[in-house]
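**Student:** Structure for this input, please:
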Amino acid sequence: MKLYYKPGACSLSPHIVLREAGLPFELVKVDLVTKTLPDGSDFRAVNPKGQVPALVLDEGGILTEGAVIVQYIADKVPGSGLIPPAGTMERYRVQELLSFIGSELHKGVVPLFPMLKDVVSDTHREFAAKVLSGKLSVLNQQLEGNAYLTGDVFTVADAYAYTVLSWMPRIGFDLSAVPNLVAFSNRVGARPAVQAAHAAEAQG
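**Tutor:** Residues are numbered from 1 along each chain as shown. Below you'll find the model as predicted:
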C-alpha cells in the first residue's frame, strides 16, 4: 500500500494505524499548498479532492477519508484489536467515536489554526474555542477510568483522537481543564508505532 501524507496532518492517524497493524506500506509526502508530489506531478491526479490522507490499495484503486481508511487497515489484521468485528455493538461504538472526532473535533479545530487568523474573525474564533472546549470535555469524560476511548484496548479511534489532540499546541489551546486527555496523549504518544510514525514524518 501507499499512503499519501503531510507531516503532522490528519494523515498521521492512518499512518499510526498502518504501523500498529504491522502492514508494509510506502509513504509519499504531499505539498498541500501546491498540490504536488515529490516528482513534481499533480497530487489531484491521485486524489481529485486534493486532500490527505489517500491510500493506494494493494488490490488496486484508492481510498480516501481518514475515518474510512483506518477501518480498512484494521480489518486487514482482524486479530490486532484495532477495531471490533463488523456488525457488533463494539464496532458501532468505535465508528461513533470516529464520527464524533471527525465532525466535532477535527473540523472544530480548523478555525483556530494560526494560518487562518486573517480570514477568521476574532468573534468566530472565540466561539469556535468555546464549542471545542465543550467537545473536548465530552472526550475527557469518555476516558474517565479508561486507558483508551473504549477501555483498555487501543483502537483506530484512539489514533484519530491523538492526532487531533496533537494540534492543540499549534492553536495555543490549553488542555489543563481536561487532564484525562493530557494523560491519554502522553500514553498514546509513548507507543512505539506512534513514535515511529512521528520519526518517519520528521525525516520525510
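**Student:** after the longest helix along the chain, next one along is what?
**Tutor:** What stands out as the longest helix in the chain, according to DSSP state H, is helix 122-142. Once helix 122-142 ends, the next helix or strand along the chain (criterion: DSSP states H and E) is helix 156-165.
**Student:** now for that next one, which elements pack on it?
**Tutor:** helix 12-21, helix 66-76, helix 89-100, helix 179-189 (3 or more Cβ pairs under 8 Å, 6 or more residues apart in numbering; DSSP states H and E). For the C-beta atoms, the positions are set from N, CA and C on the backbone; glycine is no exception.
**Student:** Could you rerun that using 6 Å?
**Tutor:** With contacts defined as 3 or more Cβ pairs under 6 Å, 6 or more residues apart in numbering; DSSP states H and E, the packing partners of helix 156-165 are helix 12-21, helix 89-100, helix 179-189.
**Student:** orientation of that helix relative to helix 179-189 in degrees?
**Tutor:** For helix 156-165 against helix 179-189, the angle by axes from the mean of the first three to the mean of the last three Cα atoms, to 10 degrees is 110 degrees.
**Student:** Contacts made by helix 156-165 with the rest, please.
**Tutor:** With contact meaning Cβ atoms under 6 Å, 6 or more residues apart in numbering, helix 156-165 is reached by 10, 12-13, 16-17, 70, 74, 82-83, 94, 97-98, 101, 105-106, 148-149, 185, 188.
**Student:** helix or strand right after that helix?
**Tutor:** Downstream of helix 156-165 (by DSSP H and E), the next one is helix 168-171.
**Student:** And the closest residue to Gly204 other than its chain neighbours, its phi and psi?
**Tutor:** In space, and not counting its chain neighbours, Gly204 is closest to Lys29: 4.8 Å by Cβ to Cβ, 6 or more residues apart in numbering. Backbone torsions of Lys29, given as degrees, to the nearest 10, read phi -80, psi 140.
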